[in-house]
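A.B. asks: Using only what follows, build the 3D model:
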Amino acid sequence: MRKTIVMLNVLFILMLTLSACAPAAVAQPTNEPVMEATDLVPTVEPTEEVVQTAIMVTDDLGVEIELAEPAQKIISISPSLTEILFSVGAGDRLIGRDSNSMYPAEAASAVDLGGMWNGIPIEDILAMEPDLILAGEIFAEEAINELRDLGLVVYWQKNPADFEGLFGNIMDIAVLTGTEDAASEVIEGLSDRVSALDEKLASAAGLPLVFYELDASDPANPYTPGGGTFISFIISRAKGVNMGDSLDGTWVQVSSEELLAQNPDIILLADALYGITLEMVAERTGWSEITAVVEGEIYPFDPFILSVPGPRLVDGFEQVAEILHPEVFEN
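C.D. replies: Okay, here's the model as predicted:
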(Lines give C-alpha, C1' and ligand atoms only; values in the text may rest on other atoms or scores of the structure.)
Protein backbone atom coordinates (compact mmCIF):
# COMPACT_ATOMS: atom_id res chain seq x y z
CA MET A 1 0.00 0.00 0.00
CA ARG A 2 1.54 3.24 -1.13
CA LYS A 3 1.83 5.95 1.48
CA THR A 4 -0.17 9.01 0.61
CA ILE A 5 1.74 12.17 -0.25
CA VAL A 6 -0.25 13.80 2.52
CA MET A 7 2.18 12.32 5.02
CA LEU A 8 5.09 14.34 3.76
CA ASN A 9 3.21 17.57 3.05
CA VAL A 10 1.88 17.72 6.56
CA LEU A 11 4.71 15.75 8.10
CA PHE A 12 7.47 18.09 7.06
CA ILE A 13 6.11 21.11 5.26
CA LEU A 14 9.05 21.92 2.98
CA MET A 15 9.33 18.43 1.36
CA LEU A 16 6.68 17.56 -1.22
CA THR A 17 7.18 13.84 -1.80
CA LEU A 18 8.51 10.83 0.04
CA SER A 19 6.56 7.63 -0.46
CA ALA A 20 6.88 3.99 0.41
CA CYS A 21 4.96 0.80 1.02
CA ALA A 22 3.60 0.49 4.53
CA PRO A 23 3.22 -2.99 6.05
CA ALA A 24 -0.32 -4.32 6.09
CA ALA A 25 -0.39 -5.35 9.73
CA VAL A 26 -0.05 -2.80 12.47
CA ALA A 27 0.96 -4.14 15.85
CA GLN A 28 0.01 -2.22 18.94
CA PRO A 29 3.18 -0.58 20.36
CA THR A 30 3.91 -1.43 23.94
CA ASN A 31 4.20 2.17 25.06
CA GLU A 32 1.39 4.55 24.24
CA PRO A 33 1.87 8.31 24.57
CA VAL A 34 -0.68 10.27 26.50
CA MET A 35 -2.84 12.19 24.11
CA GLU A 36 -4.60 15.11 25.13
CA ALA A 37 -5.35 19.89 23.33
CA THR A 38 -19.56 42.08 29.16
CA ASP A 39 -21.78 43.62 26.83
CA LEU A 40 -21.90 47.33 27.58
CA VAL A 41 -25.13 49.19 27.00
CA PRO A 42 -24.50 52.72 25.71
CA THR A 43 -25.94 55.46 27.88
CA VAL A 44 -26.18 57.86 24.95
CA GLU A 45 -27.75 57.08 21.60
CA PRO A 46 -25.04 57.30 18.90
CA THR A 47 -25.54 60.29 16.63
CA GLU A 48 -23.45 59.02 13.75
CA GLU A 49 -23.44 55.75 11.84
CA VAL A 50 -20.40 53.60 12.59
CA VAL A 51 -18.16 53.43 9.52
CA GLN A 52 -16.35 50.14 8.82
CA THR A 53 -12.62 50.80 8.61
CA ALA A 54 -10.72 48.95 5.92
CA ILE A 55 -8.38 46.21 7.11
CA MET A 56 -4.75 46.77 6.17
CA VAL A 57 -2.13 44.10 6.92
CA THR A 58 1.23 43.10 5.48
CA ASP A 59 1.88 39.43 4.84
CA ASP A 60 5.17 37.59 5.33
CA LEU A 61 6.22 38.26 1.75
CA GLY A 62 6.02 41.96 2.54
CA VAL A 63 2.89 42.48 0.44
CA GLU A 64 0.21 44.81 1.79
CA ILE A 65 -3.23 43.21 1.94
CA GLU A 66 -6.36 45.39 1.99
CA LEU A 67 -9.87 44.23 2.77
CA ALA A 68 -12.91 46.51 2.85
CA GLU A 69 -14.31 44.36 5.67
CA PRO A 70 -13.45 41.09 7.45
CA ALA A 71 -13.18 38.24 4.95
CA GLN A 72 -16.37 36.20 4.59
CA LYS A 73 -15.55 33.78 1.73
CA ILE A 74 -12.19 32.21 2.47
CA ILE A 75 -10.14 29.53 0.74
CA SER A 76 -7.28 27.96 2.67
CA ILE A 77 -4.67 25.93 0.81
CA SER A 78 -2.54 25.12 3.86
CA PRO A 79 -3.58 22.86 6.78
CA SER A 80 -2.03 25.14 9.43
CA LEU A 81 -4.03 28.13 8.27
CA THR A 82 -7.21 26.07 8.12
CA GLU A 83 -6.69 25.05 11.75
CA ILE A 84 -6.00 28.63 12.80
CA LEU A 85 -9.12 29.82 10.98
CA PHE A 86 -11.29 27.43 12.97
CA SER A 87 -9.50 28.17 16.24
CA VAL A 88 -10.47 31.87 16.06
CA GLY A 89 -14.10 31.09 15.27
CA ALA A 90 -14.08 31.86 11.55
CA GLY A 91 -14.20 28.30 10.24
CA ASP A 92 -17.74 28.71 8.98
CA ARG A 93 -16.39 31.13 6.36
CA LEU A 94 -14.18 28.47 4.76
CA ILE A 95 -15.57 27.73 1.30
CA GLY A 96 -12.61 25.82 -0.15
CA ARG A 97 -9.56 23.94 1.11
CA ASP A 98 -6.65 21.75 0.07
CA SER A 99 -7.05 17.99 0.53
CA ASN A 100 -4.65 17.96 3.46
CA SER A 101 -6.77 20.35 5.54
CA MET A 102 -8.48 17.59 7.48
CA TYR A 103 -8.62 19.12 10.96
CA PRO A 104 -10.94 19.92 12.54
CA ALA A 105 -13.54 17.55 11.12
CA GLU A 106 -15.78 20.52 10.22
CA ALA A 107 -13.25 21.54 7.56
CA ALA A 108 -14.50 18.65 5.41
CA SER A 109 -17.67 20.63 4.64
CA ALA A 110 -15.66 23.04 2.46
CA VAL A 111 -14.98 22.22 -1.18
CA ASP A 112 -11.92 19.98 -1.58
CA LEU A 113 -9.67 21.61 -4.17
CA GLY A 114 -7.14 18.77 -4.29
CA GLY A 115 -3.66 18.16 -2.98
CA MET A 116 -1.97 20.95 -4.99
CA TRP A 117 0.67 18.54 -6.31
CA ASN A 118 0.07 19.57 -9.90
CA GLY A 119 -0.23 23.23 -9.03
CA ILE A 120 -2.94 25.44 -7.59
CA PRO A 121 -6.32 24.92 -9.33
CA ILE A 122 -6.68 28.53 -10.42
CA GLU A 123 -9.82 28.14 -12.51
CA ASP A 124 -11.69 26.42 -9.69
CA ILE A 125 -10.63 29.12 -7.25
CA LEU A 126 -11.67 31.94 -9.60
CA ALA A 127 -15.10 30.34 -10.01
CA MET A 128 -15.61 30.40 -6.23
CA GLU A 129 -14.97 34.18 -6.03
CA PRO A 130 -13.25 34.19 -2.61
CA ASP A 131 -12.64 37.35 -0.59
CA LEU A 132 -9.37 35.91 0.67
CA ILE A 133 -6.98 33.04 0.04
CA LEU A 134 -4.74 31.81 2.85
CA ALA A 135 -1.46 30.20 1.78
CA GLY A 136 1.40 28.82 3.84
CA GLU A 137 5.15 28.68 3.45
CA ILE A 138 5.06 25.59 1.24
CA PHE A 139 3.97 27.76 -1.69
CA ALA A 140 6.66 29.65 -3.60
CA GLU A 141 6.33 33.39 -4.13
CA GLU A 142 5.93 32.85 -7.88
CA ALA A 143 2.81 30.73 -7.36
CA ILE A 144 1.32 33.35 -5.06
CA ASN A 145 2.07 36.16 -7.50
CA GLU A 146 0.28 34.23 -10.23
CA LEU A 147 -2.88 34.30 -8.12
CA ARG A 148 -2.43 37.97 -7.30
CA ASP A 149 -1.99 38.85 -10.97
CA LEU A 150 -5.51 37.52 -11.51
CA GLY A 151 -6.89 39.95 -8.95
CA LEU A 152 -7.17 37.48 -6.09
CA VAL A 153 -6.35 38.59 -2.55
CA VAL A 154 -3.77 36.21 -1.07
CA TYR A 155 -2.28 36.26 2.41
CA TRP A 156 1.01 34.29 2.60
CA GLN A 157 2.18 33.25 6.04
CA LYS A 158 5.56 31.92 7.11
CA ASN A 159 5.77 28.93 9.46
CA PRO A 160 6.47 29.92 13.08
CA ALA A 161 9.89 29.22 14.62
CA ASP A 162 8.64 29.32 18.21
CA PHE A 163 5.49 29.80 20.26
CA GLU A 164 5.61 33.56 19.97
CA GLY A 165 5.65 33.16 16.21
CA LEU A 166 2.64 30.84 16.45
CA PHE A 167 0.71 33.33 18.55
CA GLY A 168 1.52 36.09 16.06
CA ASN A 169 0.29 33.94 13.19
CA ILE A 170 -2.99 33.29 14.97
CA MET A 171 -3.56 37.00 15.57
CA ASP A 172 -2.74 37.85 11.94
CA ILE A 173 -5.54 35.58 10.73
CA ALA A 174 -7.84 37.05 13.37
CA VAL A 175 -7.25 40.55 12.05
CA LEU A 176 -8.20 39.44 8.55
CA THR A 177 -11.42 37.88 9.86
CA GLY A 178 -12.31 40.47 12.50
CA THR A 179 -12.04 37.90 15.31
CA GLU A 180 -9.30 39.51 17.42
CA ASP A 181 -11.19 39.06 20.70
CA ALA A 182 -11.60 35.32 20.13
CA ALA A 183 -7.95 35.05 19.09
CA SER A 184 -6.82 36.82 22.25
CA GLU A 185 -8.63 34.21 24.35
CA VAL A 186 -7.12 31.37 22.30
CA ILE A 187 -3.61 32.81 22.60
CA GLU A 188 -4.00 33.41 26.33
CA GLY A 189 -5.09 29.82 26.86
CA LEU A 190 -2.23 28.39 24.78
CA SER A 191 0.29 30.67 26.46
CA ASP A 192 -0.90 29.62 29.92
CA ARG A 193 -0.47 25.95 28.98
CA VAL A 194 3.06 26.56 27.68
CA SER A 195 4.02 28.48 30.83
CA ALA A 196 2.57 25.79 33.11
CA LEU A 197 4.52 23.09 31.31
CA ASP A 198 7.73 25.14 31.33
CA GLU A 199 7.33 25.38 35.09
CA LYS A 200 6.88 21.62 35.43
CA LEU A 201 9.89 20.91 33.23
CA ALA A 202 12.13 23.13 35.35
CA SER A 203 12.55 20.12 37.66
CA ALA A 204 13.11 17.61 34.84
CA ALA A 205 16.06 15.27 35.32
CA GLY A 206 18.55 14.99 32.46
CA LEU A 207 18.30 15.60 28.72
CA PRO A 208 17.44 12.39 26.86
CA LEU A 209 18.68 12.01 23.28
CA VAL A 210 15.61 11.71 21.02
CA PHE A 211 15.35 10.19 17.56
CA TYR A 212 12.18 11.38 15.79
CA GLU A 213 11.47 9.05 12.87
CA LEU A 214 9.57 10.72 10.08
CA ASP A 215 9.73 8.05 7.41
CA ALA A 216 11.39 4.64 7.21
CA SER A 217 10.68 3.81 3.59
CA ASP A 218 14.33 2.80 3.65
CA PRO A 219 14.63 1.24 7.14
CA ALA A 220 18.42 1.47 7.06
CA ASN A 221 18.29 5.21 6.33
CA PRO A 222 15.16 6.75 7.88
CA TYR A 223 14.29 10.44 7.66
CA THR A 224 14.45 12.71 10.70
CA PRO A 225 14.06 16.47 11.32
CA GLY A 226 17.28 18.44 11.61
CA GLY A 227 18.03 21.64 13.46
CA GLY A 228 15.93 24.74 12.87
CA THR A 229 12.66 22.81 12.57
CA PHE A 230 9.73 23.26 14.91
CA ILE A 231 10.03 19.59 15.86
CA SER A 232 13.58 20.22 17.01
CA PHE A 233 12.41 23.29 18.91
CA ILE A 234 9.71 21.27 20.70
CA ILE A 235 12.08 18.47 21.68
CA SER A 236 14.50 21.02 23.09
CA ARG A 237 11.73 22.92 24.91
CA ALA A 238 10.56 19.60 26.38
CA LYS A 239 14.04 19.13 27.87
CA GLY A 240 15.41 16.71 25.32
CA VAL A 241 18.07 16.74 22.60
CA ASN A 242 17.02 16.18 19.00
CA MET A 243 19.45 13.74 17.41
CA GLY A 244 18.89 15.41 14.04
CA ASP A 245 20.45 18.64 15.30
CA SER A 246 23.89 17.12 14.73
CA LEU A 247 23.12 16.33 11.09
CA ASP A 248 23.38 18.49 7.98
CA GLY A 249 20.03 19.65 6.64
CA THR A 250 16.49 20.37 7.67
CA TRP A 251 14.86 17.06 6.75
CA VAL A 252 17.58 14.45 6.42
CA GLN A 253 18.24 10.74 6.14
CA VAL A 254 20.36 9.21 8.87
CA SER A 255 22.28 5.99 8.38
CA SER A 256 21.87 3.09 10.76
CA GLU A 257 25.58 3.38 11.51
CA GLU A 258 25.18 6.98 12.61
CA LEU A 259 22.11 6.16 14.67
CA LEU A 260 23.88 3.28 16.38
CA ALA A 261 26.82 5.54 17.14
CA GLN A 262 24.62 8.23 18.68
CA ASN A 263 22.50 5.65 20.56
CA PRO A 264 19.28 7.58 21.31
CA ASP A 265 17.49 7.15 24.63
CA ILE A 266 14.01 7.61 23.15
CA ILE A 267 12.52 6.98 19.70
CA LEU A 268 9.35 8.74 18.57
CA LEU A 269 7.70 6.93 15.66
CA ALA A 270 5.90 9.57 13.62
CA ASP A 271 5.47 6.89 10.96
CA ALA A 272 3.53 4.53 13.26
CA LEU A 273 0.39 5.76 11.52
CA TYR A 274 1.72 4.09 8.37
CA GLY A 275 2.34 0.70 9.96
CA ILE A 276 5.77 0.99 11.56
CA THR A 277 5.87 -0.85 14.90
CA LEU A 278 8.22 -1.34 17.82
CA GLU A 279 8.81 -4.91 16.62
CA MET A 280 9.85 -3.72 13.16
CA VAL A 281 12.27 -1.23 14.65
CA ALA A 282 13.85 -3.88 16.87
CA GLU A 283 14.31 -6.19 13.86
CA ARG A 284 16.40 -3.68 11.91
CA THR A 285 20.02 -4.72 11.64
CA GLY A 286 21.90 -3.59 14.74
CA TRP A 287 19.00 -1.62 16.20
CA SER A 288 18.37 -4.16 18.96
CA GLU A 289 21.44 -2.72 20.71
CA ILE A 290 20.11 0.86 20.80
CA THR A 291 19.24 2.03 24.31
CA ALA A 292 15.72 3.11 23.31
CA VAL A 293 15.02 -0.37 21.94
CA VAL A 294 16.60 -2.20 24.89
CA GLU A 295 14.61 -0.10 27.38
CA GLY A 296 11.37 -0.17 25.39
CA GLU A 297 11.41 3.60 25.03
CA ILE A 298 9.76 3.63 21.59
CA TYR A 299 6.52 5.56 21.24
CA PRO A 300 4.04 6.00 18.38
CA PHE A 301 3.44 9.67 17.70
CA ASP A 302 0.76 11.45 15.66
CA PRO A 303 2.73 13.04 12.77
CA PHE A 304 0.20 15.82 12.24
CA ILE A 305 0.49 17.32 15.72
CA LEU A 306 3.97 18.81 15.24
CA SER A 307 4.13 18.98 11.46
CA VAL A 308 1.15 21.28 10.94
CA PRO A 309 2.25 24.62 12.45
CA GLY A 310 -1.07 25.57 14.00
CA PRO A 311 -2.57 25.71 17.51
CA ARG A 312 -2.08 21.96 18.07
CA LEU A 313 1.67 22.56 18.37
CA VAL A 314 0.99 23.18 22.06
CA ASP A 315 -0.67 19.73 22.26
CA GLY A 316 2.48 18.32 20.71
CA PHE A 317 4.65 20.08 23.28
CA GLU A 318 2.62 18.54 26.11
CA GLN A 319 2.74 15.05 24.60
CA VAL A 320 6.48 15.11 23.92
CA ALA A 321 7.17 16.44 27.42
CA GLU A 322 5.17 13.66 29.05
CA ILE A 323 7.06 11.03 27.04
CA LEU A 324 10.49 12.52 27.76
CA HIS A 325 9.89 13.35 31.42
CA PRO A 326 7.01 11.35 32.92
CA GLU A 327 8.49 12.01 36.37
CA VAL A 328 7.36 15.65 36.36
CA PHE A 329 3.75 14.56 35.82
CA GLU A 330 3.65 12.06 38.69
CA ASN A 331 2.56 14.59 41.33
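
A.B. asks: Tell me where the stretch 151-300 of the chain has strands.
C.D. replies: Assigned by DSSP state E, counting those that start in this stretch, the stretch 151-300 of the chain shows strands spanning 154-157, 209-213, 223-225, 241-242, 251-253, 266-269, 298-300.

A.B. asks: Name all residues that make contact with A196.
C.D. replies: A196 sits next to no residue when contact means CB atoms under 8 Å, 6 or more residues apart in numbering. Quick note: C-beta positions are derived from backbone N, CA and C, even for glycine.

A.B. asks: if we can go back for a sec, I'd like the strands of the stretch 151-300 of the chain written out as TSV, with mean pLDDT added.
C.D. replies: Formatted as TSV, those follow (pLDDT from 0 to 100):
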stretch	mean pLDDT
strand 154-157	98
strand 209-213	98
strand 223-225	96
strand 241-242	98
strand 251-253	94
strand 266-269	98
strand 298-300	97
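
A.B. asks: The ones you listed: which one's closest to G310?
C.D. replies: With respect to G310, and counting by CB to CB, the nearest of these is strand 154-157 at 10.6 Å.

A.B. asks: For that closest one, which helices and strands make contact with it?
C.D. replies: strand 132-136, helix 141-149, helix 163-177 (3 or more CB pairs under 8 Å, 6 or more residues apart in numbering; DSSP states H and E).

A.B. asks: what lines up beside it in the sheet?
C.D. replies: The strands beside strand 154-157 in its sheet (DSSP bridges) come out as strand 132-136 (parallel).

A.B. asks: Show me the contact partners of the partner strand.
C.D. replies: Strand 132-136 is touched from outside by 13, 67, 71, 73-82, 85, 125, 144, 147, 152-157, 159, 173, 176, 309, with contacts defined as CB under 8 Å, 6+ apart.

A.B. asks: Going through these, which ones are buried?
C.D. replies: 13, 67, 71, 74-82, 85, 125, 144, 147, 152-157, 159, 173, 176, 309 (16 or more other CB atoms under 10 Å).

A.B. asks: for the stretch 201-331 of the chain, which spans come out with low pLDDT?
C.D. replies: Applying pLDDT under 70 to the stretch 201-331 of the chain flags residues 331.

A.B. asks: Show me where it has its helices.
C.D. replies: 230-237, 256-262, 278-283, 291-294, 303-307, 313-324 (DSSP state H, counting those that start in this stretch).
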